[in-house]
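S.K.: Just to be clear, the model below is a prediction. Sequence and coordinates:
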Amino acid sequence: MFLNRITLLQDRISSFHEYPFSIPYIKHLDYIDLKSQVTFFVGENGSGKSTLLEAIADKCEFNTAGGGRNNLYDVHASGSVLGEYISLSWLPKVTRGFFLRAESFYHFASHIDDIKGIEAYGGRSLHEQSHGESFLSLFLNRFKGKAIYLLDEPEAALSPQRQLAFLKILHTLASKGDSQFIIATHSPILLGYPNATILSFDHGPIKEIEYEMTDHYQITKYFLQNREKFLQELLEE
């Protein structure tokens, strides 16, 4: 592990009534200790998990539109408001890594074409691959050791089978002990990765929870085991 603590600089915040400081967990946040090579952020849309991940990327000096330190291009509204209000504690600090922002990955792919950098991604334009293929190409070719990877909903382009392929890539890197992952996700498949820390952003203070206690696991399990009853109850309300 490299990044071991995220601290909110509360004394710099003048008001908790404006976004992003109005997000419920921020009012209760002093710091978060990271205990595992792989940490998952979970929570409903709007809970602030992506906002914090983006702020971490900003402090790492990664492009908050998606990419690493050397990927210089602009996407409207991709800046981090929260980045100026957190500090990161490292042991040791690393400067290599990548921020995957699924919603702006198209722009990242265009940037790679513009700088004629496709050789670093298997020699084929990311735009000439399916969405899922391009994500896996990124993971296979760009992700190396001694780095930190910040991934915002990587499952957005991945089928269940490709999510399993991603878990294999993640495990290969994390098990060597020189790669760290922080992943915001809704995927019950990804959340099942063994020995990961899962941090819930729902209902106020950020807290660590077990896999089986996540809504993602419980709802998916109930749906698969009681599909007809579940849909009947849902659709007849």
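M.R.: Cool, got the structure.
S.K.: rest of the way, CA atoms for contacts and neighbours
M.R.: OK.
S.K.: Buried residues, stretch 127-135. List them.
M.R.: 127, 131, 132, 133, 134, 135 (16 or more other Cα atoms under 10 Å).
S.K.: can you list the residues that contact that stretch?
M.R.: Defining contact as Cα atoms under 8 Å, 6 or more residues apart in numbering, one finds that stretch 127-135 is touched by 106, 109, 110, 126, 154, 157, 158, 159, 162.
S.K.: List only buried entries from those.
M.R.: For the contacts of stretch 127-135, buried by 16+ other Cα under 10 Å: 109, 126, 154, 157, 158, 162.
S.K.: Show me these that map onto helices.
M.R.: Members of the buried ones among the contacts of stretch 127-135 lying in helices (criterion: DSSP state H): 109, 162.
S.K.: Out of the buried ones among the contacts of stretch 127-135, give me the two with the largest separation.
M.R.: 109 and 162 (19.3 Å; Cα to Cα).
S.K.: ok so, going back, quick check, nearest of the buried ones among the contacts of stretch 127-135 to residue 191?
M.R.: Nearest to residue 191 among the buried ones among the contacts of stretch 127-135 is residue 154, at 11.8 Å by Cα to Cα.
S.K.: Leaving out sequence neighbours, find the closest residue to that closest one.
M.R.: Nearest residue to residue 154, sequence neighbours excluded (Cα to Cα, 6 or more residues apart in numbering): residue 102, at 6.3 Å.
S.K.: residues touching that neighbour, list them.
M.R.: With contact set as Cα under 8 Å, 6+ apart, residue 102 has these partners: 152, 153, 154, 156, 157.
S.K.: distance of residue 221 from residue 156?
M.R.: From residue 221 across to residue 156, the span is 20 Å (Cα to Cα, to the nearest Å).
S.K.: Then residue 196?
M.R.: Distance of residue 196 to residue 156, given as Cα to Cα: 20 Å.
S.K.: do residue 186 as well
M.R.: Remark: distance between residue 186 and residue 156 (Cα to Cα) = 9 Å.
S.K.: So for these two, which sits in the more crowded spot?
M.R.: More crowded of residue 186 and residue 156, by other Cα atoms under 10 Å: residue 186, with 23 against 16.
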